[in-house]
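K.L.:
sharing a sequence plus its predicted fold:
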Amino acid sequence: METVRLGDYFARQGWYPLDSEGCRAAIDGFVKERGESRALDVSAQGWSGGVVPHAGWAFSGRLACRVFDTLSRGEGDPVSRVVLFGGHLGPRSRGWILRSGRWETPVGALDTDEEFVELVVSRINHDGIDVLPPSGYEPDNTIELQMPMVRHFFEGARVVTLGVPARLEGLEVGRMVAEVAARSKGRTLFVGSTDLTHYGLNYGFSPVGLGPEAVEWVREKNDRAALDCIEALDAAALLEGALERRNACCPGAAGAALAAGRQVGAKRGAVLDYGTSYDVRPDNSFVGYVAAVF
C-alpha cells in the first residue's frame, strides 16, 4: 500500500508535535483543558460527526480535540471509519477523493477504507471530482492536522478523505457519502474542517476597522452567523453566508459534513466551544475557530 506521510511538512513546520510522546502529551493536555461545554448533555448523545478547525495545534488544537474526544465518548457502536471533508477549495475548484493509501502519524498509522471509497467513486460525478492516488495528494492542513487525533481516539478505524469545493454540488457529495455509509457495515463519522473569519490586514478583510471592536464584531456578528448555521445543520446557508460574509474558509467541507449528518438523521448541531487566534496571541490580524458536533 502506498503511504501518505503526515509530518513531512506540517509537523516539521511546527503545526503539531512530530514525535509520538509530544503528540500524545498535547492531546492529553487538551482533554484535561476541556472544561464545561457550551452545549448541554453532549456526552450522552449518539453523535454522527462534527466540525473542527485546522490551524496549528497551539491555536486551535484544543478545539479540534474537543470534537474528537466528544465523539469518542458518545453512545453507539465502535467507529469503523471517519470521513474527513476538507480542502481549501473555492466555488470553481475541482473536488477530490483519495482512493487509497496509509497515513503515517506520530501516534500510529491509519489506512484508507478502500472498499468504501470504491462505493463512493462508483457514484460520483467525475466532471466535478478527481479520484487521486496517494502520489497525487498535496499537503493539506485541513486533513493532516486531524489525523493524529483520529488515530488517538478511534484506534482501528479507517479513514476516507475528500476535498470539497465551495458550491452546492459539494453538499450533494456529503449527502451521497452518507447514503453509501447507510448501506455499509460499521459506524461512520463525518467530520468537516474549516476555520472561520480571517480578519485583518494580513487577510485583506477589515470591514469594521482594527482593534477590540473588530474582535467583538467577528465573535458576536460574523462568526456567530456561521455558528447559527452549524447549529441548525443548514449547510446551504453556511455556504451562502461564507461566500458573502467571508466567515468560513472551507465552507464546502463543513457544509458537506452537515449535509451528511442531516442525511443520516441528525436533527441539530451543538457548538462545544469557540475561540480565536487573538485569544492565544493578540494581533490586529486573527482567525476564528469552532468546535461543534451533530
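P.N.:
Nice, thanks for sending it over. Just so you know, these numbers come straight off a predicted model, no measurement behind them.

K.L.:
in which helix or strand does Val4 reside?
P.N.:
strand 3-5 (DSSP states H and E).

K.L.:
mean confidence for that strand?
P.N.:
Here strand 3-5 scores 78 as its mean pLDDT.

K.L.:
now for the next helix or strand after it, which elements pack on it?
P.N.:
Downstream of strand 3-5, the next assigned helix or strand under DSSP H and E is helix 20-32. With contacts taken as 3 or more CB pairs under 8 Å, 6 or more residues apart in numbering; DSSP states H and E, helix 20-32 sits against helix 62-73, helix 147-153. In this view, the C-beta of every residue, glycine as well, is placed from N, C-alpha and C.

K.L.:
who's in contact with the helix or strand just after the last one?
P.N.:
By that I understand helix 147-153. Per DSSP H and E, the first helix or strand lying C-terminal to helix 147-153 is strand 158-163. Contacts with strand 158-163, where a contact means CB atoms under 8 Å, 6 or more residues apart in numbering, come from 80-87, 89, 93, 95-98, 103, 110-113, 116-117, 120, 129, 140, 143, 147, 150, 173, 177, 253, 256.

K.L.:
restricted to helices, list those residues.
P.N.:
Phe116, Val117, Val120, Ile143, Met147, Val150, Val173, Val177, Ala253, Ala256 (DSSP state H).

K.L.:
looking at the protein, which residue lies furthest from center?
P.N.:
Gly209 (29.3 Å; CA atoms, centre = their mean).

K.L.:
in contact with that residue, which residues?
P.N.:
Gly209 touches nothing, counting by CB under 8 Å, 6+ apart.

K.L.:
which residue ranges form the strands in this structure?
P.N.:
3-5, 49-52, 79-86, 95-98, 102-105, 108-111, 129-132, 158-163, 187-193, 198-199, 270-276, 286-293 (DSSP state E).

K.L.:
please render these as CSV that adds distance to Val31 to the earlier fields.
P.N.:
Output for these, formatted as CSV (distance: least, CB to CB, whole Å):
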stretch, distance to Val31
strand 3-5, 26
strand 49-52, 15
strand 79-86, 17
strand 95-98, 28
strand 102-105, 17
strand 108-111, 18
strand 129-132, 33
strand 158-163, 21
strand 187-193, 17
strand 198-199, 28
strand 270-276, 13
strand 286-293, 13
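
K.L.:
could you tell me the least trusted of these?
P.N.:
Across those, strand 3-5 has the smallest mean pLDDT, namely a mean of 78.

K.L.:
list of residues touching it?
P.N.:
Contacts of strand 3-5 (CB under 8 Å, 6+ apart): Leu98, Gly101, Arg102, Trp103, Glu104, Pro134, Tyr137.

K.L.:
among those residues, which ones are buried?
P.N.:
Buried members of the contacts of strand 3-5, counted by 16 or more other CB atoms under 10 Å: Leu98, Gly101, Trp103, Glu104, Pro134, Tyr137.

K.L.:
specify the beta-bridge partners of the first one.
P.N.:
Yep, that's Leu98 we're talking about. Leu132 (DSSP bridges).

K.L.:
I figured it was touching Ser135, is that so?
P.N.:
No. Counting by CB atoms under 8 Å, Leu98 sits too far from Ser135 to count as a contact (10.5 Å).

K.L.:
low-confidence stretches in the protein?
P.N.:
Scanning the chain for pLDDT under 70 picks out the ranges 6-7, 35-45, 125-127.

K.L.:
which residue packs closest to Ser72, ignoring adjacent ones?
P.N.:
Phe153 (4.1 Å; CB to CB, 6 or more residues apart in numbering).

K.L.:
spit out the contact partners of the one you found.
P.N.:
By CB under 8 Å, 6+ apart, the residues touching Phe153 are Phe68, Asp69, Leu71, Ser72.

K.L.:
against Val290, how distant is the second one?
P.N.:
It refers to Asp69. 15 Å (CB to CB, to the nearest Å).

K.L.:
those two: who's more crowded?
P.N.:
For Asp69 versus Val290, the count of surrounding residues by other CB atoms under 10 Å is larger for Val290: 26 against 19.

K.L.:
right, and the more buried one touches Asp223 too?
P.N.:
Yes. The criterion here is CB under 8 Å, and Val290 meets it with Asp223 at 7.4 Å.

K.L.:
overlap of the contact sets of these two?
P.N.:
With CB under 8 Å, 6+ apart, Val290 and Asp223 have common neighbours Leu196, Tyr274.

K.L.:
touching, Arg151 and Ala109? I think so.
P.N.:
Yes. Contact criterion CB under 8 Å: Arg151 and Ala109 qualify, at 7.5 Å.
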